[in-house]
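Undergrad: 3D model of this:
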Amino acid sequence: MELIGQGISRFLAGQSLPVFKPRRPWVGGDLQTLRNSFVKSVQPLGEDDRLAVPIDAGAISIAINCPASAVACDRVLLLVHGLGGAEDSTYMVTAAHHFLRLGYTVARMNYRGVGPSRNLSEPPYSAGLTSDLRAVLRWLHKKWPGHDLFLMGFSLGGQLSLRMLGEGDVPHGLKACVSVSAPLDLATSQKKLERPRNWAYSRYVVNNMRNDLKGLNHPKVLVDPTTLSSVLAFDEQVIAPVFGFRDAADYYARVSSFPLLGNITLPTLAVHAADDPWIPVKDYHRAEWSVAAPAGALIAPSGGHVGFHSKGSIIPWHEQVAAAFFEIAAS
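TA: Reported below is the predicted structural model:
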């Protein structure tokens, strides 16, 4: 494993984090990425509460799960899903199970117009809507004012989390953040995702985007989103015009977290795999992580995209790392 960033290296000096070793037969980036599609072993979650958090365009829906009273602690974790996901995505549910066992109250956020948020707000969402994330974190702090808040974002949710931290104006109560397989530079990530060898991944993401945007009626969108066949086309013809960008390139440049990573002041660990087939690992190496702040990246040699199925445990490695990191940050 490789730790990148002077600040995070000093912060974790003398501390130990779990080591990743792939669990057979899930060897290599593709099998690590696809494992959850092949093995449906996660137990579904109910909910202890359903919350509607106001935003500037309606509201977004949050599922709240509370731990058993015997293990409850004064910590709240917000989970943020990736592109085409929702509160019931496998990685969201498995993480919720793990942190509930550790005593956390867990909140699972749905983007505007997605999943249960569909009845409260209109799509689309974007990788730059940090105002929505702040609104949720502030609401959680208001509801549990004596609790520490923690943030964990997956893929695009990781990009959104890192972008918010880099912008500043961090909501009160937030103690630490872990991103998992986040696209730091949206332009390089889009190019890698839509390489010919990744056609199956691209098709999967595009199908999810079509479902999210089905029935979209927005005056600035001049095409039927269900006819679009690439992530670039969605960003060019839907996301850019709706949110006031010139084109997809302008959108990527103006909302990517990459230029702001050096501004992060909160304990932040960006977990990534060197063999992620979607997101370039070189972006993590060329990023200018803060020297003074406890922020940086942890690169595993394998793990795929939001995979990290590790030898010796059914708990994904990124969840083990996040739990250990949050414990260090809270101490």
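Undergrad: show me the strands in the stretch 101-250 of the chain, by range?
TA: 105-109, 148-154, 174-180 (DSSP state E, counting those that start in this stretch).
Undergrad: how about the CA coordinates for the second one, as PDB?
TA: Looking back up the chat, that one is strand 148-154. The C-alpha trace of strand 148-154 is given here as PDB (Å, rounded to 0.1, in the frame of the first residue of the first chain):
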ATOM      1  CA  ASP A 148     -19.600  13.800  15.800                       C
ATOM      2  CA  LEU A 149     -20.300  13.700  12.100                       C
ATOM      3  CA  PHE A 150     -18.300  11.600   9.600                       C
ATOM      4  CA  LEU A 151     -18.600  11.500   5.800                       C
ATOM      5  CA  MET A 152     -17.900   8.700   3.400                       C
ATOM      6  CA  GLY A 153     -18.400   9.200  -0.400                       C
ATOM      7  CA  PHE A 154     -18.300   6.500  -3.000                       C
END
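Undergrad: which residues touch that strand?
TA: Contact with strand 148-154 is made by 74-82, 85, 89, 91-92, 95, 104, 137, 140-141, 159-162, 171, 173-182, 306, 322, 326, 329-330, as judged by C-beta atoms under 8 Å, 6 or more residues apart in numbering. For the C-beta atoms, the positions are set from N, CA and C on the backbone; glycine is no exception.
Undergrad: show me what it pairs with in its sheet, parallel or antiparallel.
TA: If you go by DSSP bridges, strand 148-154 pairs up with strand 75-80 (parallel), strand 174-180 (parallel).
Undergrad: what's the closest of the strands of the stretch 101-250 of the chain to L222?
TA: strand 105-109 (30.1 Å; C-beta to C-beta).
Undergrad: direction included, what does that closest one pair up with?
TA: Strand pairing for strand 105-109, determined by DSSP bridges: strand 58-65 (antiparallel), strand 75-80 (parallel).
Undergrad: tell me, how many residues neighbour the residue nearest to V19 when sequence neighbours are not counted?
TA: Nearest non-adjacent residue to V19, counting by C-beta to C-beta, 6 or more residues apart in numbering: M1, 6.4 Å away. M1 has 14 neighbours, counted by other C-beta atoms under 10 Å.
Undergrad: M1 contacts K21, correct?
TA: No. The pair M1 / K21 is not scored as a contact, 10.3 Å apart, by C-beta atoms under 8 Å.
Undergrad: shared neighbours, these two?
TA: Common neighbours of M1 and K21 are not found (criterion: C-beta under 8 Å, 6+ apart).
Undergrad: double-check that L3 belongs to a helix.
TA: No. Per DSSP: H, G, I helix; E, B strand; the rest coil, L3 lies outside any helix segment and is strand.
Undergrad: now do the helices in the stretch 51-200 of the chain.
TA: 90-101, 130-143, 156-167, 186-193, 199-212 (DSSP state H, counting those that start in this stretch).
Undergrad: who's in contact with the shortest one?
TA: This means helix 186-193. With contact meaning C-beta under 8 Å, 6+ apart, helix 186-193 is reached by 127, 159, 183, 198, 201-202, 205, 231-232, 235, 248-249, 251-253, 255-256, 277-280, 282-283.
Undergrad: equivalent analysis for the third one, please.
TA: For helix 156-167, the surrounding residues in contact (C-beta under 8 Å, 6+ apart) are 79-83, 85, 109, 127-130, 133-134, 151-153, 170, 177, 179-184, 186, 255-257, 259-266, 268, 270, 295.
Undergrad: for it, what is the distance to the chain centroid?
TA: 8 Å (C-alpha atoms, centre = their mean, to the nearest Å).
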